[in-house]
Structure formats: C-alpha cells, structure tokens
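Novice: For reference, the sequence and a predicted model appear below.
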Amino acid sequence: MTNCYRQVIMNGQRINRLKGQIVELKNEIVNIRNAPRRSQMDDGFKIDSEGDEVRDGFKLPCKNLEELKIFDRQLQEDQAFRKKICLKIYRDVDKERSISRNLGEIIRKLITQNVAVQITPLKKTEGKEVFKELTLYACLVAVFGHKYGSKKEPLDYKKFNKALGGVLNNSKDWNGGRRQRGKRAMPQNDNNPKPNDEFFEGIFQEE
C-alpha cells in the first residue's frame, strides 16, 4: 500500500514538471511568428531532411536511445538550442495537414525506426522508454498547441496523444515495413501471378 502511495506521488510530481515545461515552452515560442525566416536560420542545423548534421556531435535523426537521451538532455538544459529546435519544428508543421501526418513526418526526422520501436508513447512498458517523459514531447506539445490551438480553443491533448500513439505504435511499418510483410505473406508458387509494387500500394498504403 505504501509503495502504491509513493508511486502516485511520483506520478503527480512528473505530471506537474511536465505541465511546467509545456507552459515554459509555450512562453518561449509566443513570438515565433516574428522569428527570422528559414533562410536566416540555416546556420548549420537543419531538420529539413534526414541525416542533417547537428553541430553538437551527432546527426539527426537519432540512431539509438543514447543519442536520443543526449539530444533530449540538451533540449532540457540549453534554452537557445531548445528555441531553435522549436522554431524548426514549427516551420515544418503544415496546418493544412492533420496533426497525425505532421507528427509522423517530424518524428521521423528526429528519430530512426530503430529508436521508435524502443519507445512507448505514454505509458511505461517493460524494456521501453516513455516518449511523454522526454523534453522533446513537451516541445512538440508546445509547438502544436501554438500552431493548432488558440486561447478560445486550446489544442486537444487527447487528440494529440492519440496521433502520437499512432505514429510510434506503427513505427514497425516505417520504411515500407507493412508492404514488406505483405510480400512475405504471398504464396511462393511460381505458377501464381506475382503482383507488382503498384498492386501492393493500394492494399498496404501507409497511413
């Protein structure tokens, strides 16, 4: 009973810290629309395409959990770096697209499939890191809240978390994984016609 009580207190403390981070990050990007244009910000750090270099010793997307932890620690400790990342993410969000699609494209620029399959979106799972506990999560919430929400109609966090869950829970299907599994499931009989890639695109189209 005592252990359960302690766990409840610890969870409450984590939630309060996360709320504080989100509020702080929202304040940091209030003036983001007045920030320099993309061409003025491209000074050695980009997330416009996979593999762009980060000046601090590694490349995005993060290729393993250790790189993700280093990246996230810098987000937490370096305010200037955090602002720059938030601005880059903000400029990559297309409001005409769904939250889910934007999240999918941005997260793939930040972490590889190898990392994504080792992460659970919201709840602790044995052997996996929790994405919601990362400073990166708070950054994404702040940016998407600024992009999609307003004072009258704030960002729907349940909708955001559902979209995040969809992206990470389906990470095994990144890079055409769903299509490849479909191909492996096809009968290997030379007498049967072998559908081409165009055939599979209609069946295994990624969300």
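Specialist: Perfect, thanks for sending it.
Novice: show me where the protein has strands.
Specialist: Counting by DSSP state E, the segments of the chain that form strands are 119-120, 129-130.
Novice: and these, which is most packed in?
Specialist: Sort the strands of the chain by mean neighbour count, taking mean count of other C-beta atoms under 10 Å, and strand 119-120 sits at the top with a mean of 18. Glycine gets a C-beta too; all of them are placed from N, C-alpha and C.
Novice: Each with direction, which strands does it pair with?
Specialist: Sheet pairing for strand 119-120, assigned by DSSP bridges, gives strand 129-130 (parallel).
Novice: ok so, going back, select, out of the strands of the chain, the one closest to residue 93.
Specialist: Of all the strands of the chain, strand 119-120 sits nearest to residue 93, with 20.8 Å by C-beta to C-beta.
Novice: Residues in contact with that closest one: which ones?
Specialist: Residues outside strand 119-120 that contact it (C-beta atoms under 8 Å, 6 or more residues apart in numbering) are 111, 128-131, 168, 171.
Novice: again, only using 6 Å
Specialist: 128-131, 168 (C-beta atoms under 6 Å, 6 or more residues apart in numbering).
Novice: now do stretch 145-162
Specialist: Contacts to stretch 145-162, defined as C-beta under 6 Å, 6+ apart, come from residues 29, 93, 95, 122, 144.
Novice: Using PDB, write down the CA coordinates of it.
Specialist: Output of stretch 145-162 as PDB, limited to C-alpha atoms (Å, rounded to 0.1, in the frame of the first residue of the first chain):
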ATOM      1  CA  GLY A 145      -0.500  23.900 -29.300                       C
ATOM      2  CA  HIS A 146       0.700  27.200 -30.800                       C
ATOM      3  CA  LYS A 147       0.000  26.100 -34.300                       C
ATOM      4  CA  TYR A 148      -3.300  24.400 -33.900                       C
ATOM      5  CA  GLY A 149      -4.700  25.900 -30.800                       C
ATOM      6  CA  SER A 150      -5.900  29.300 -29.500                       C
ATOM      7  CA  LYS A 151      -7.000  30.800 -26.200                       C
ATOM      8  CA  LYS A 152     -10.600  30.100 -27.100                       C
ATOM      9  CA  GLU A 153      -9.900  26.600 -28.500                       C
ATOM     10  CA  PRO A 154      -6.700  25.100 -27.000                       C
ATOM     11  CA  LEU A 155      -5.000  22.100 -28.500                       C
ATOM     12  CA  ASP A 156      -7.000  18.900 -27.800                       C
ATOM     13  CA  TYR A 157      -4.300  16.900 -25.900                       C
ATOM     14  CA  LYS A 158      -6.300  13.700 -26.200                       C
ATOM     15  CA  LYS A 159      -6.300  14.000 -30.000                       C
ATOM     16  CA  PHE A 160      -2.600  14.900 -29.900                       C
ATOM     17  CA  ASN A 161      -1.700  11.900 -27.800                       C
ATOM     18  CA  LYS A 162      -3.800   9.600 -29.900                       C
END
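Novice: one step back: can you list the strands of the chain in CSV and add mean pLDDT and distance to residue 73?
Specialist: Output for the strands of the chain, formatted as CSV (pLDDT from 0 to 100; distance: least, C-beta to C-beta, whole Å):
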stretch, mean pLDDT, distance to residue 73
strand 119-120, 96, 16
strand 129-130, 96, 13
